[in-house]
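Asker: here's a sequence, model it:
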Amino acid sequence: MMTVDEVEQIDVTLCESGRNVGFYAWGADDETIFWSIPLPMMVEEDAFEDLSVEWRQLGWLLLRRL
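Answerer: Numbering: from 1, shown residues only. A predicted model of the protein is given here:
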């Protein structure tokens with residue numbers, strides 16, 4: 001099982017028709033951790049992509065709280 005310290009990259013995806021953000025945390029051996037958070041409103045794909053850097057930063061913050 002991968003630990004938080006072994007995470008090298010976080011990718012984000014829009015899920016559930018724009019109602020959730022999914023986070024994939026990747027380790028060196030391609031092991032992943034996945035979690036998602038609900039959003040208070042639907043987000044369009046273009047708006048989500050415009051904020052992808054901020055979503056990744058949020059992913060790192062959330063991961064450190066685990």
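
Asker: residues touching the spatially most central residue of the chain, list them.
Answerer: In the chain, the residue lying closest to the centroid (CA atoms, centre = their mean) is Phe23, at 2.2 Å. For Phe23, the contacting residues are 10-12, 34-37, 59, 62-63, by CB atoms under 8 Å, 6 or more residues apart in numbering. Bear in mind the C-beta positions are built from the backbone N, C-alpha and C, glycine included.

Asker: helices of this protein, residue ranges please.
Answerer: Applying DSSP state H to the chain gives helices spanning 45-50, 52-65.

Asker: if we go by neighbour counts, what in the last one is buried?
Answerer: Going by neighbour count (16 or more other CB atoms under 10 Å), the buried part of helix 52-65 is 55, 58-59.

Asker: same question, stretch 4-19
Answerer: Neighbour counts over stretch 4-19 (16+ other CB under 10 Å) mark 7, 10, 12, 14 as buried.

Asker: now swap in stretch 22-34 and tell me
Answerer: For stretch 22-34, the buried set under the neighbour-count rule, 16+ other CB under 10 Å, comprises 22-26, 33.

Asker: one step back: can you tell which of the helices of the chain is closest to Met2?
Answerer: In terms of CB to CB, the element of the helices of the chain nearest to Met2 is helix 52-65, at 10.9 Å.

Asker: give me the mean pLDDT for that closest one.
Answerer: Mean per-residue pLDDT for helix 52-65: 95.

Asker: tell me which strands and helices it is in contact with?
Answerer: With contacts taken as 3 or more CB pairs under 8 Å, 6 or more residues apart in numbering; DSSP states H and E, helix 52-65 sits against strand 7-15, strand 20-27, strand 32-38.

Asker: low pLDDT regions in this protein?
Answerer: For the chain, the stretches flagged by pLDDT under 70 are 66.
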